[in-house]
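Engineer: structure of the sequence below:
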Amino acid sequence: MENLLPSSAVANYLQPEGTITMRFLLVLSCLVFGSLAVGQEAITPVALRDQDYYRHSEGSAIELADGRILLAWSRFAGAAGDDNGKATIVAAESKDGGKTWSQPKELPVGKASINIMQAAFVPVKDRLMLAFSVRDGGRSVKHAIESKDGGRTWSERRKLFDAGGPNDRAVRLASGRILMPSHRVSKQRIGGYEDMEVLVARSDDEGRTWKLSEVVPHVPHPMERKPVNPRPVKIHEPAIAELADGSLLMLARSSVGWLYRSISKDGGETWSRLEPTTIASLVAPPYLHRCRDGRIALLWNPIVGEKAKALAERCQAMNVPLGFQQRSRLAMMTTKDGQTWDQERVLAEDGKHGFCYPAVLSRGDGQLLIFCSRTPDIISPCDLVMLGPVTP
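Structural biologist: Sure, this is the predicted structure:
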């Protein structure tokens, strides 16, 4: 059976994220000075990798009352590395709608034995609140810093809850409740492999205190029940959006080529079992954004090309993980009910890079600014770029 899987696919899923290909030099120096069309949207560089910082990723942006845009992201130090490289949170601001940016400054997020990453502005009303994951040993803990003067000064960090989670996923519900979709390493070991578990943190007092939901279960997958070499589905990096009827839609990344879906009808306290959708996806996190007209926009990395689709079908037939591939297309589609989706729209694709880990800022005019990583590999090394403005 092993001979049915191409050797390149075996290499992909045996290697950690961001370490598959050779590192390439950025030769399109014109990008430093302007923007160009990629896919269907314009791209503007925000932070380019160099010998001092190999990765700029996982951003979160907020528009302040005076019109400034404040953007925070993970910056990894050194000429090369992976997810476990030395990283902290930095921020830059734009006074012209994202056309130009100030020099980034490190934020007072403290230290960690591994790194600090996954920035997420929390939509509170009376201050700025920036959450992030502090990674120590084999666990991530969500912390936050706060500012009452528009990001000029910040408080010391404080602990929020015992879980990590993806960047820029905090949402405010119509009720005023704030949710932060989260994940952590599971104590469960299927076939001896590390697994992940999904949880949702909630706050009813403007982010001052938080409660974690129970672990959101998932429908068992045949890969987990194989008598020989079972593997976990590894569902994590969830995203949440509120539907028109008040129910909540969750989509999450998996290792089997499909996004997984869960629904909550009680404001995020309990969730249905995560089950596979028909939305084909690379091993990459989805992002959900509620548009002003009530539609929910999904940003994700679809499986593109006949070879990639054939590989996914073969892995699914064999019940083995899909493995990491370059996230060559960042796409968007919308839904009104969380069930049916409109046509896929390409946001970024240039035949050379991957575009992943998006964050969305909705401007006052309803247009979207999309911040994402641009990489010649899986995630490391990468630049941080802005797509748009995008009309949803």
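
Engineer: does residue 76 sit in a helix, a strand or a coil?
Structural biologist: Here residue 76 is recorded as strand under DSSP: H, G, I helix; E, B strand; the rest coil.

Engineer: beta partners of the closest residue to it other than its chain neighbours?
Structural biologist: The shortest distance from residue 76 to any residue that is not its chain neighbour, by Cβ to Cβ, 6 or more residues apart in numbering, is 3.8 Å, and that residue is residue 55. Using the backbone N, CA and C atoms, a C-beta is placed for each residue, glycine as well. As for beta bridges, residue 55 partners with residue 76, residue 382 under DSSP bridges.

Engineer: show the contacting residues for residue 55.
Structural biologist: 49, 74-76, 81, 85, 87, 373, 379-382 (Cβ atoms under 8 Å, 6 or more residues apart in numbering).

Engineer: check the gap between the nearest residue to residue 308 once chain neighbours are set aside and residue 62 for me.
Structural biologist: Nearest residue to residue 308, sequence neighbours excluded (Cβ to Cβ, 6+ apart): residue 325, at 6.3 Å. Remark: distance between residue 325 and residue 62 (Cβ to Cβ, to the nearest Å) = 32 Å.

Engineer: more crowded one of those two?
Structural biologist: Using other Cβ atoms under 10 Å, the more surrounded residue of residue 325 and residue 62 is residue 325, with 24 against 18.

Engineer: the more buried one against residue 301, yeah?
Structural biologist: No. Taking Cβ atoms under 8 Å as the definition, residue 325 is not a contact partner of residue 301, at 9.1 Å.

Engineer: okay, and the common contacts of the two?
Structural biologist: Both residue 325 and residue 301 are contacted by residue 282, under the criterion Cβ under 8 Å, 6+ apart.

Engineer: can you name every helix or strand that the lengthiest helix in the chain contacts?
Structural biologist: When the chain is parsed with DSSP state H, its longest helix is helix 306-318. Packing contacts for helix 306-318, counted by 3 or more Cβ pairs under 8 Å, 6 or more residues apart in numbering; DSSP states H and E, involve helix 7-14.

Engineer: how does it look with 10 Å?
Structural biologist: For helix 306-318, the packing partners by 3 or more Cβ pairs under 10 Å, 6 or more residues apart in numbering; DSSP states H and E come out as helix 7-14, strand 275-280.

Engineer: now distance to residue 307, neighbour count and pLDDT too, for the contacts of residue 55, in JSON lines please.
Structural biologist: Converted to JSON lines, the contacts of residue 55 look like this (distance: Cβ to Cβ, whole Å; neighbours: other Cβ atoms under 10 Å; pLDDT from 0 to 100):
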{"residue": "49", "distance to residue 307": "28", "neighbour count": "26", "pLDDT": "98"}
{"residue": "74", "distance to residue 307": "31", "neighbour count": "27", "pLDDT": "98"}
{"residue": "75", "distance to residue 307": "34", "neighbour count": "25", "pLDDT": "98"}
{"residue": "76", "distance to residue 307": "31", "neighbour count": "24", "pLDDT": "98"}
{"residue": "81", "distance to residue 307": "29", "neighbour count": "19", "pLDDT": "97"}
{"residue": "85", "distance to residue 307": "31", "neighbour count": "19", "pLDDT": "97"}
{"residue": "87", "distance to residue 307": "33", "neighbour count": "27", "pLDDT": "98"}
{"residue": "373", "distance to residue 307": "23", "neighbour count": "28", "pLDDT": "98"}
{"residue": "379", "distance to residue 307": "21", "neighbour count": "22", "pLDDT": "96"}
{"residue": "380", "distance to residue 307": "24", "neighbour count": "23", "pLDDT": "97"}
{"residue": "381", "distance to residue 307": "25", "neighbour count": "26", "pLDDT": "98"}
{"residue": "382", "distance to residue 307": "23", "neighbour count": "28", "pLDDT": "98"}
